[in-house]
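**Q** Got a predicted structure here, sequence first:
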Amino acid sequence: MKRPTQAEMQSQCDRFNESHPIGTEVRYHPIIGGPPKGIYPTSSTARILGGHTPVVYLEDRGAVALDAVSDVEVKA
């Protein structure tokens, strides 16, 4: 699998930030399978950590990869 470029990772962060202001609740799940680990509010904007991983900080969890979060389904 090809490693994403800095521009691709920044674009992923930008897209996330456009639709997830700080405080937005997201579902955190481990990257390597398994059940969801819970719903947490974001406590930062998304950014590239260490030049290699797009992350967002979650309250009570710290930094997690953007690939490990998903939107919380809103029930009507």
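**A** Everything's here; your move. Note that the structure is a prediction, hence the values are computed from the model and not measured.
**Q** what about Lys2, distance to Glu18?
**A** Note on Lys2: its distance to Glu18, by CB to CB, to the nearest Å, is 25 Å. Yep, even glycine has a C-beta here, placed from its N, CA and C like the rest.
**Q** Which one's more surrounded, these two?
**A** Between Lys2 and Glu18, counting by other CB atoms under 10 Å, Glu18 is the more crowded of the two (9 against 5).
**Q** can you tell me the helix or strand for the more buried one?
**A** Element membership of Glu18, judged by DSSP states H and E, is helix 6-19.
**Q** all strands of this protein, in order?
**A** Per DSSP state E, the chain carries strands over the ranges 25-28, 38-41, 47-49, 53-58, 62-65, 69-71.
**Q** Buried deepest among those strands, which one?
**A** Highest mean neighbour count among the strands of the chain (mean count of other CB atoms under 10 Å): strand 53-58, with a mean of 20.
**Q** Understood, closing this out.
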